[in-house]
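Fold the stuff below for me.
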Amino acid sequence: MKKCAFSLSLALLTALSIGVRPAAAQLGGLTGALNKAATVKKIADLKVTDAEERQIGQAVSDKIVETFGVYQDANVTKYVTLVGAVLAIQSPRPGLDWQFVVLDTEGVNAFAAPGGFIHITKGLLGLIKDEAELAGILAHEIIHVTEKHTVNAIQKGDTIKVASDEVGSAGMAQSLVAKMVEKAYSDILNNKFSRNDEGEADEKGVQLANKVGYAPSGLSAALTKLSDRNKDAKEPNGLFASHPQLKDRIAKIDILIKDKKLAATATVQPRYAKNITFDAKPATALATVAEGSRGLAGSSDEKKTDDTKTADAEKKEEPKKSGGGMFSKLRPGGGKQAEQSQTVASAGARGVNPDRDAVGGPNKKRVPVKIGPSDIAEFQKGIA
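Okay, the predicted model is just below:
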């Protein structure tokens, strides 16, 4: 890290320029500088504040939007936001500034970024066919946020080294925030949630959807569609593709519904069909970017040293903070990252992870949505 390297160089220069000092004194000063430069804290011991979580999430969301673009349809965005809103206000963290973004890609996927940012792709909206399925997916992603799965996983993994001057009374330095953003973005894009985190998101998400009035089987129905879509895939593909196997998760959801006596029945299929009028494309028909061009695991970005990644991150614009209550600001946030080059390939020929690597749309502008308590209350009346 540049700061530590500069401090050490300064200590060496000082020791060499005052040769009249006793050798022991010179050595003691150098040892102190070395110890200070090497002092680190464990990231697992850090307290990530709600404001820092939000800052990380905003920056991650900006990167996801830059990767896939935003589907420029205000009606679809408002519809998804309303479904998300009725769930979010019944979640464990209703006071977050929840924002729901429809990504402009035919890839079938969804991403939850820390602090209240939920993303769902146009492709996934085209795959599912009723509102209960949408609610099941959004509730699953909402629980990833409420339980802080991404931030907790980064801290438990302890892969980020924290310099002594990166944490103080004012909180995390921007260099440390940048490290967490890069790690969170990579983990989220690769669906790197643990088996326990996925299980918790399934269990609590199903119960959240049921609490609002949606059929709790919506999530398992969506997972079944994903299983059918991926039946010929040689490797895990896209959403919910890693931990554990889809069939095991579907079975556990069915058992949970019986054990908890979850009895809500609303699917709201007509309203879904009215708002979502397109279908998903087969995975083999998707245009995809070249492997490694998005800084995913195994790419050239992942192979950079920590110092290089930190230096790169520091060159980027500081992520914007976002505040306000859910009803005053329930809309996608702002922000923009630098344009990235994408080499298009044939998903059918590559056959690796087409839903994750699907080409995104060119428009990065978020679609603003304004809704209030009365809009949510009126929308909720239709969940029957």
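
Name the spans of the chain whose pLDDT lies under the cut-off.
1-41, 168-170, 233-244, 291-352 (pLDDT under 70).

Can you give the domain ranges for it?
2-38, 44-380 (automatic domain parsing).

Where do the helices of the stretch 1-150 of the chain begin and end?
Ranges of helices in the stretch 1-150 of the chain, per DSSP state H, counting those that start in this stretch, are 2-17, 23-38, 50-68, 74-88, 122-127, 131-146, 149-157.

And for the stretch 151-300 of the chain?
Using DSSP H, counting those that start in this stretch, the helices of the stretch 151-300 of the chain run over 174-189, 195-212, 218-229, 246-259, 269-275.

will you turn those into JSON lines that also has mean neighbour count and distance to D104?
C-beta here means a position set from N, CA and C on the backbone, and glycine is covered the same way. Formatted as JSON lines, these follow (neighbours: other C-beta atoms under 10 Å; distance: least, C-beta to C-beta, whole Å):
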{"stretch": "helix 174-189", "mean neighbour count": "22", "distance to D104": "16"}
{"stretch": "helix 195-212", "mean neighbour count": "20", "distance to D104": "25"}
{"stretch": "helix 218-229", "mean neighbour count": "21", "distance to D104": "20"}
{"stretch": "helix 246-259", "mean neighbour count": "15", "distance to D104": "26"}
{"stretch": "helix 269-275", "mean neighbour count": "15", "distance to D104": "17"}
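
for those, which one sits closest to T288?
Of all the helices of the stretch 151-300 of the chain, helix 174-189 sits nearest to T288, with 13.5 Å by C-beta to C-beta.

And that closest one, what does it pack against?
helix 50-68, strand 110-113, helix 149-157, strand 161-163, helix 306-315 (3 or more C-beta pairs under 8 Å, 6 or more residues apart in numbering; DSSP states H and E).

Look up how far A273 lies from A74.
Using C-beta to C-beta, to the nearest Å, A74 is found at 19 Å from A273.

An error on my part: the question was meant for K258.
K258 is 29 Å from A273, by C-beta to C-beta.

Likewise for H140?
22 Å.

Same check on A251?
According to C-beta to C-beta, A251 stands 29 Å off from A273.

next one: K161
51 Å.

What is the burial count for K260?
Neighbour count for K260, taken as other C-beta atoms under 10 Å: 13.

List the contacts of it.
Contacts for K260 (C-beta atoms under 8 Å, 6 or more residues apart in numbering) come out as Q207.

List the contacts of stretch 129-138.
Residues contacting stretch 129-138 (C-beta under 8 Å, 6+ apart): 80, 83-84, 87, 100, 110, 118, 120, 124-125, 128, 205-206, 209, 212, 214-222, 225, 266-269, 271-273, 383.

Please tell me how far the closest residue to I142 other than its chain neighbours sits from S164.
Excluding its sequence neighbours, the residue lying closest to I142 (C-beta to C-beta, 6 or more residues apart in numbering) is S91, at 5.3 Å. Counting by C-beta to C-beta, the separation of S91 from S164 is 37 Å.
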